[in-house]
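Peer 1: give me the fold of what follows.
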Amino acid sequence: MNIRQLQALRAVVESQTTTQAAEILGVTQPAISTLIAGLEKSLNIKLFERSRGRLWPTPEAFRLADEADKVIAGFGRMEQRARKLNELKSGELRVASLPGPGLQFIPRLLAQFLADKPEVTVHLQVRSSSEIKEWVASQYLDLGLADLPIDNPAIHYEIVTMRCVCVVPAGHFLAGKPLLTPKDLDNVPFIVLEPGHMTHTRLAAAFLDCDARLNVRVSVQLFAPACELVANGAGVSLVDPITAQAHKPDRLVSIPFEPVIPFSIALMTPIGKPLSLLTQSFLESLKKGFSPYII
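Peer 2: Take a look at the predicted model:
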């Protein structure tokens with residue numbers, strides 16, 4: 001038994017002639033007869049009495065036609081759902097990000113991505129990198145963004161590397177310079193990330209190589225509070241360009257820094273869980289969003 005046979009059954013019950021049923025389904029009259037014969041054979045039930053050139057439904061045919069209506073309606077809904085999934089108009093997406101891009105950058109991209117997808121549901125969480133790695137490995141997430149390193153064999157990842165920028169308060173005596181070096185920042189009050197972070201180690205090495213003093217005034221865990229401290233005059237800092245861009249230029253000025261201090265993020269997906277079309281599409285949108293910042 002197949003959906004085409006059920007459609008033929010319903011059409012013949014409604015019209016009681018194979019000719020009209022064929023017109024309803026857009027097929028030939030012999031095709032209708034073949035479908036009905038095949039259904040009767042597969043079910044081992046006589047569905048029609050043939051008399052005076054017409055098909056007279058048996059009581060069993062009426063009962064089955066009622067059930068066929070439900071199956072056909074369900075099949076139609078499934079076809080519609082499949083079409084929406086293929087067109088990325090429907091589905092569910094689970095994403096988590098470390099705070100840097102997760103606070104403003106990812107929400108902006110998601111808003112653009114969802115603009116023409118009213119039936120798509122997204123679950124976005126901002127968490128620590130360690131939590132996100134665990135969630136991706138357990139296949140709870142479709143997509144995660146986290147700091148390096150990634151050492152879990154259950155995670156597939158691509159690395160996005162950006163060039164950190166120096167941020168200074170608007171009106172700062174260094175705000176007009178086109179480029180900053182450790183020599184320019186010798187003994188200037190600095191907001192740094194905690195010593196375990198990759199940018200702290202590289203920044204300290206850059207100052208040491210230039211025989212400049214890194215004057216650490218505040219140590220923070222994230223780039224976002226570092227920017228807020230800078231905007232309020234507590235010092236200068238070195239942050240990723242996405243976090244820097246989230247602050248208004250009348251409060252914070254971003255200036256290229258040399259030597260280049262890279263900052264890398266992993267775009268992670270779970271191994272062993274095929275990516276949905278929706279996940280693949282958003283991943284491409286994410287890469288496109290990062291592209292202006294990649295070195």
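Peer 1: what ranges does this protein have for its strands?
Peer 2: Along the chain, counting by DSSP state E, strands occupy 48-51, 54-57, 90-97, 119-126, 143-147, 155-163, 165-169, 189-193, 215-220, 236-239, 252-256, 262-270.
Peer 1: if you compare the ones you listed, which one is most tucked away?
Peer 2: Of all those, strand 236-239 has the most neighbours on average by mean count of other C-beta atoms under 10 Å, namely a mean of 28. In short, each C-beta sits where N, CA and C put it, glycine included.
Peer 1: quick one: list the elements packing against that strand.
Peer 2: Using 3 or more C-beta pairs under 8 Å, 6 or more residues apart in numbering; DSSP states H and E, the elements in contact with strand 236-239 are strand 165-169, strand 189-193, helix 223-231.
Peer 1: and with 6 Å instead?
Peer 2: Judged by 3 or more C-beta pairs under 6 Å, 6 or more residues apart in numbering; DSSP states H and E, the packing partners of strand 236-239 are strand 165-169, helix 223-231.
Peer 1: out of those, nearest to Asn44?
Peer 2: Each of the helices and strands packed on strand 236-239 has some distance to Asn44 by C-beta to C-beta; the shortest is helix 223-231, at 70.7 Å.
Peer 1: neighbours around Leu208, how many?
Peer 2: Using other C-beta atoms under 10 Å, Leu208 is surrounded by 12 other residues.
Peer 1: so how far is Asp186 from it?
Peer 2: Separation of Leu208 from Asp186 (C-beta to C-beta, to the nearest Å) stands at 12 Å.
Peer 1: how long is stretch 44-58 end to end?
Peer 2: Distance between the two ends of stretch 44-58: 13 Å, counting by C-alpha to C-alpha, to the nearest Å.
Peer 1: which residues are contacting it?
Peer 2: Contacts to stretch 44-58, defined as C-beta atoms under 6 Å, 6 or more residues apart in numbering, come from residues 12-13, 16-17, 40, 60-61.
Peer 1: neighbour-wise, which of these leads?
Peer 2: Greatest neighbour count in the contacts of stretch 44-58, by other C-beta under 10 Å, goes to Val12: 28 neighbours.
Peer 1: in CSV: the helices and strands packed on strand 236-239, plus distance to Thr201 and mean pLDDT.
Peer 2: What follows is the helices and strands packed on strand 236-239, written out as CSV (distance: least, C-beta to C-beta, whole Å; pLDDT from 0 to 100):
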stretch, distance to Thr201, mean pLDDT
strand 165-169, 17, 96
helix 223-231, 16, 94
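Peer 1: a markdown table for the ones you listed, including distance to Ala137?
Peer 2: Putting the helices and strands packed on strand 236-239 into a markdown table (distance: least, C-beta to C-beta, whole Å) gives the following:
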| stretch | distance to Ala137 |
| --- | --- |
| strand 165-169 | 32 |
| helix 223-231 | 25 |
